[in-house]
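Participant: take this sequence and fold it.
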Amino acid sequence: MALLEVDQLSVRFGGVVALDRLSFSIDEGQVCALIGPNGAGKTTLFNVVSRLYEATEGQATFGGEDLLTRPAHAIAAMGIARTFQNVALCQGLSVIDNVLIGGHADTKAGFVSAPLRLPRARREERESRQRAQDLLDRLEIGHLAQRPAAGLPYGTLKRIELARALEGEPRLLMLDEPATGLTHGEVDELGQLIRRVRDEFDVTVLLVEHNMRMVMSISDKVVVMDHGAKIAAGRPDEVQNDAKVIEAYLGART
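Facilitator: Numbering: from 1, shown residues only. Here you go, the predicted structure:
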């Protein structure tokens, strides 16, 4: 069953067409990669699903619910989490406090109980902190929990951002170019980690990435975009040999 379904989705900024009647779906439990040349519209699609951008026309549903009627602040509670191209952490906070930010949508303590540190608020804080520590342990960076985020290696910061996204217990995890800035060895580790996260956390993954070696090795499905439109979709081995895909990446033959 499709968890995320995009149907004839278009986004226009004045005369610029960022998405052009884009349609595709992701089944629960899949790792789906969204690929294409720079400017293909991949991040625009992420921003529509995150409700940062408004669609000009078309539909998008998540778990059978109309996604495009939801405000941005309701997306996390629906079960959608994302990371960004550039690491967006609070450098002055500890690693574990950065992760705790990802669980804000699940917080039940109100304006009275939280500031007064009433029993319910204290219990909720303990449970959230323990969940964050468990996440860091499972991502093999638990020993850094109390360290400030500032000054840590870039690959470690990427894992912290991933832990923060998982803190909200999402059903759909959207990763926007997670391999950017990583070494070859770190990219290989990241690919293995994404598959492990999918399996251990029972989460569906939508991935935007330019590292084709990683994409083809971890994806169940690949959707290829060019100039805002879908030009191919299928298994990695299918899209690799598609003539339209080859042309979009390498240019038309003369």
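Participant: so Glu161 sits in a helix?
Facilitator: Yes: assignment of Glu161 by DSSP: H, G, I helix; E, B strand; the rest coil places it within a helix.
Participant: can you give me the distance of the residue nearest to the spatial centre of the chain to Val187?
Facilitator: Residue closest to the average C-alpha location in the chain (Cα atoms, centre = their mean): Met174, at 1.5 Å. Met174 is 19 Å from Val187, where distance means Cβ to Cβ, to the nearest Å. Where you see a C-beta, it was placed from the backbone N, CA and C, and this is true even at glycine.
Participant: over to Ile246?
Facilitator: Taken as Cβ to Cβ, the span from Ile246 to Val187 is 23 Å.
Participant: what about the two, which has more around it?
Facilitator: Taking other Cβ atoms under 10 Å, Ile246 and Val187 do not tie; Val187 has more neighbours (18 against 15).
Participant: contacts made by the strand or helix carrying that one with the rest, please.
Facilitator: Val187 belongs to helix 184-200 when assigned by DSSP states H and E. Contact with helix 184-200 is made by 29, 31, 138-139, 155, 158-159, 162, 166, 173, 175, 178-179, 182, 203-205, 207, 211, 213-214, 217-218, as judged by Cβ atoms under 8 Å, 6 or more residues apart in numbering.
Participant: format the CA atom coordinates belonging to it as PDB.
Facilitator: Written as PDB, here are the backbone C-alpha positions of helix 184-200 (Å, rounded to 0.1, in the frame of the first residue of the first chain):
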ATOM      1  CA  HIS A 184      34.100   7.700   0.400                       C
ATOM      2  CA  GLY A 185      34.300   5.500   3.500                       C
ATOM      3  CA  GLU A 186      31.700   7.600   5.300                       C
ATOM      4  CA  VAL A 187      29.400   7.300   2.300                       C
ATOM      5  CA  ASP A 188      29.600   3.500   2.400                       C
ATOM      6  CA  GLU A 189      28.800   3.600   6.100                       C
ATOM      7  CA  LEU A 190      25.900   5.900   5.500                       C
ATOM      8  CA  GLY A 191      24.400   3.600   2.900                       C
ATOM      9  CA  GLN A 192      24.500   0.700   5.400                       C
ATOM     10  CA  LEU A 193      23.100   2.900   8.100                       C
ATOM     11  CA  ILE A 194      20.100   4.000   6.000                       C
ATOM     12  CA  ARG A 195      19.200   0.400   5.300                       C
ATOM     13  CA  ARG A 196      19.600  -0.500   9.000                       C
ATOM     14  CA  VAL A 197      17.500   2.400  10.100                       C
ATOM     15  CA  ARG A 198      14.700   1.400   7.700                       C
ATOM     16  CA  ASP A 199      14.700  -2.100   9.100                       C
ATOM     17  CA  GLU A 200      15.200  -1.400  12.800                       C
END
